[in-house]
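> turn this into a model:
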Amino acid sequence: MANHLHETNSEMKDRAILVSLVTDQVKRSGLNTEHSLQELVQLSETAGVEVLEVITQNRETPDSRWFIGKGKVEELRMAIDALGANTAIFDQELSGAQVRNLEETLDVKIIDRTQLILDIFAQRAKTREGIIQVELAQHSYLLPRLSGHGKNLSRLGGGIGTRGPGESKLETDRRHIRDRISDLKRQLDEITKHRVLHRERRKKSGAIQVALVGYTNAGKSTLLNRLTAADVYIENQLFATLDPTSRVLELPSGKEVVLTDTVGFIQNLPHDLVAAFRATLEEANEAELILHVVDASSPMRDEQMQVVSKILQELGAGDTDQLTIFNKIDACEPQQQEMLPAGEGNLKISAFNESDLERVKLAIQNHLSGGAVKFRIPAERGDLSSLIYRIGDVVEQSVEDHDLLYEVHVNRADYEKHGYQLKEYLIP
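Predicted coordinates:
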């Protein structure tokens, strides 16, 4: 009995061969296929998959029937038999027909990069919003491919590709799935409305938004925890953080801002996922300052920074003020550190160094501040005096004749919103 249970558990474990197709178009695009494959290994391990081997195929264009070509499929089948694999994971997106053809020939579960990422998100989602967003993305991805996912849906033992919507739901007709998509979108709209209201309340209360963004595993959650004493899940894995977390951060001046951690970005982030998580990522869009956290020790640092910039542009947050925080410098080789960009707007830190954390807080404060400004306010204008305290931090206050003199370190965002009422009282 014990042996039988052991066999069942080992059958449930995904043992995979990873496959990547390098086409002429991919070569021309300059995409680093080696980096993409390394990420696929990390993604697979994050999903709990045992990676047995990696196979690469060079072709002018994808094979419409087999994706990698009939000869390579035969080579893959021999590797599957020799290594005892039960799964093949492709680094590119497959069509439903390609999945069906490969499954029939190889008799293993076929997963592509998009489905793997969706599966990790399904494991990680904890809040109602996150769970709905993942299920919506999975349904949207699988709907046009239903006819090609027979083995994924019927194979016993679960594992990657079967989490989230569940087997029974995906075996029902397309109309049921379309109804489910509509229902999920309605639920998401409701949650989004609540999020917008919550955001508006924060704005009215004068709370300043600062968003942490960056490539997955750049150290955003560690930085949030260290800056705010938050208790956010940290793991050296891709997508350890899925649901956004906001915490209050006190700056050296005593002023407080709201610091929000967001889901990490990745090369070739599935379109359905970007669409589903748009409401969550809008935290970055609404921020007055974005902290772009970069893994300074990554050999693919520049490419990862480009991916983040591209997604921020897509979200409409490309023009928001940014500070670039080169994190993990304690893990850098000396020559890596020397190659990091210097100058204003760039900070080199370790999230585990207290003095570095203080530098981050000071940089946020200085960036949000528009500098010191002086005002002369008539004593009877109590409304303007109270406004003074809303637009920044009062450094000095004195009385001269019937006027109140203020020196204020203004908050740039608040001053842009309300400063027009004080213009005539500015002291040059």
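> the domain parsing of this structure - what is it?
2-170, 207-352, 369-425 (automatic domain parsing).
> between the ones you listed, which one is nearest to I191?
Among the domains of the chain, the nearest to I191 by Cβ to Cβ is domain 2-170 (4.8 Å). C-beta here means a position set from N, CA and C on the backbone, and glycine is covered the same way.
> distance from the closest one to the middle of the chain?
With Cα atoms, centre = their mean, to the nearest Å as the basis, domain 2-170 stands 21 Å off its chain's centre.
> report the rounded mean pLDDT for that domain.
Across domain 2-170, the average pLDDT comes to 81.
> if we can go back for a sec, can you put the domains of the chain in JSON lines and add distance to Q187 and mean neighbour count?
What follows is those, written out as JSON lines (distance: least, Cβ to Cβ, whole Å; neighbours: other Cβ atoms under 10 Å):
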{"stretch": "domain 2-170", "distance to Q187": "5", "mean neighbour count": "18"}
{"stretch": "domain 207-352", "distance to Q187": "12", "mean neighbour count": "19"}
{"stretch": "domain 369-425", "distance to Q187": "32", "mean neighbour count": "15"}
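> for the stretch 201-350 of the chain, which segments are assigned as strands?
Secondary structure of the stretch 201-350 of the chain (DSSP state E, counting those that start in this stretch): strands at 208-214, 245-250, 256-261, 289-295, 322-327, 346-348.
> in TSV: the domains of the chain, plus distance to L362.
Converted to TSV, these look like this (distance: least, Cβ to Cβ, whole Å):
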stretch	distance to L362
domain 2-170	33
domain 207-352	6
domain 369-425	10
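> which one of these lies closest to D179?
domain 2-170 (10.3 Å).
> residue contacts, N58?
V22, T23 (Cβ atoms under 8 Å, 6 or more residues apart in numbering).
> helix or strand right after the helix or strand hosting it?
Here N58, judged by DSSP states H and E, is contained in strand 50-59. Using DSSP H and E, the helix or strand that directly follows strand 50-59 along the chain is helix 70-83.
> now the angle from that following helix to strand 50-59?
Per axes from the mean of the first three to the mean of the last three Cα atoms, to 10 degrees, the angle that helix 70-83 makes with strand 50-59 is 160 degrees.
> who are the packing partners of whatever helix or strand comes next after helix 70-83?
As assigned by DSSP H and E, the chain's next helix or strand after helix 70-83 is strand 87-90. Packed against strand 87-90 by the contact rule (3 or more Cβ pairs under 8 Å, 6 or more residues apart in numbering; DSSP states H and E) you find strand 15-23, strand 109-112, helix 113-124.
> could you dump those to JSON lines with distance to Y389?
Formatted as JSON lines, these follow (distance: least, Cβ to Cβ, whole Å):
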{"stretch": "strand 15-23", "distance to Y389": "59"}
{"stretch": "strand 109-112", "distance to Y389": "56"}
{"stretch": "helix 113-124", "distance to Y389": "42"}
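> nearest to V263 among the ones you listed would be which one?
helix 113-124 (8.5 Å).
> could you give the angle of the longest helix belonging to the chain to strand 256-261?
For the chain, the helix with the greatest residue count under DSSP state H is helix 174-204. Interaxial angle of helix 174-204 relative to strand 256-261 (the same axes, to 10 degrees): 160 degrees.
> elements contacting helix 174-204?
If you count contacts as 3+ Cβ pairs under 8 Å, 6+ apart, helix 174-204 packs onto helix 128-142, helix 167-170, helix 278-286.
> Y406 contacts Q397, doesn't it?
Yes - under the criterion of Cβ atoms under 8 Å, Y406 makes contact with Q397 at 5.5 Å.
> partners of the strand holding N58 in the sheet?
Its sheet considered, strand 50-59 pairs with strand 15-23 (parallel) by DSSP bridges.
> show residues contacting the strand it pairs with.
Strand 15-23 is contacted from outside by 33, 36-37, 40-41, 44, 49-62, 67-68, 76, 79-80, 83-92, 111, using Cβ under 8 Å, 6+ apart.
> ok, 7 Å please
For strand 15-23, the surrounding residues in contact (Cβ atoms under 7 Å, 6 or more residues apart in numbering) are 33, 37, 40-41, 44, 49-62, 67-68, 76, 79-80, 83-92.
> which residues touch I177?
I177 touches H139, L143, counting by Cβ under 7 Å, 6+ apart.
> do I have it right that M305 meets V293?
No - using Cβ atoms under 7 Å, M305 makes no contact with V293, being 10.4 Å away.
> grab the nearest non-local neighbour of G254.
D393 (7.7 Å; Cβ to Cβ, 6 or more residues apart in numbering).
> that neighbour in helix, strand or coil?
Look at D393: counting by DSSP: H, G, I helix; E, B strand; the rest coil, its state is strand.
> partners of it in the sheet?
H409.
> quickly note the distance from it to H367.
As judged by Cβ to Cβ, to the nearest Å, D393 and H367 stand 15 Å apart.
> on that earlier part again, among the helices and strands packed on strand 87-90, which comes closest to T262?
With Cβ to Cβ as the criterion, T262 lies closest to helix 113-124 of the helices and strands packed on strand 87-90, at 13.6 Å.
> how big is the angle separating the closest one from helix 128-142?
160 degrees.
> for the stretch 201-350 of the chain, give me the ranges with low pLDDT.
Scanning the stretch 201-350 of the chain with the threshold set as pLDDT under 70 gives 203, 206, 230-244, 275-280.
> recalculate using a threshold of 80.
For the stretch 201-350 of the chain, residues meeting the criterion pLDDT under 80 lie at 201-207, 230-245, 253, 263, 267-286, 315-316, 342-344.
> residues in contact with E396?
E396 neighbours (Cβ under 7 Å, 6+ apart): E407.
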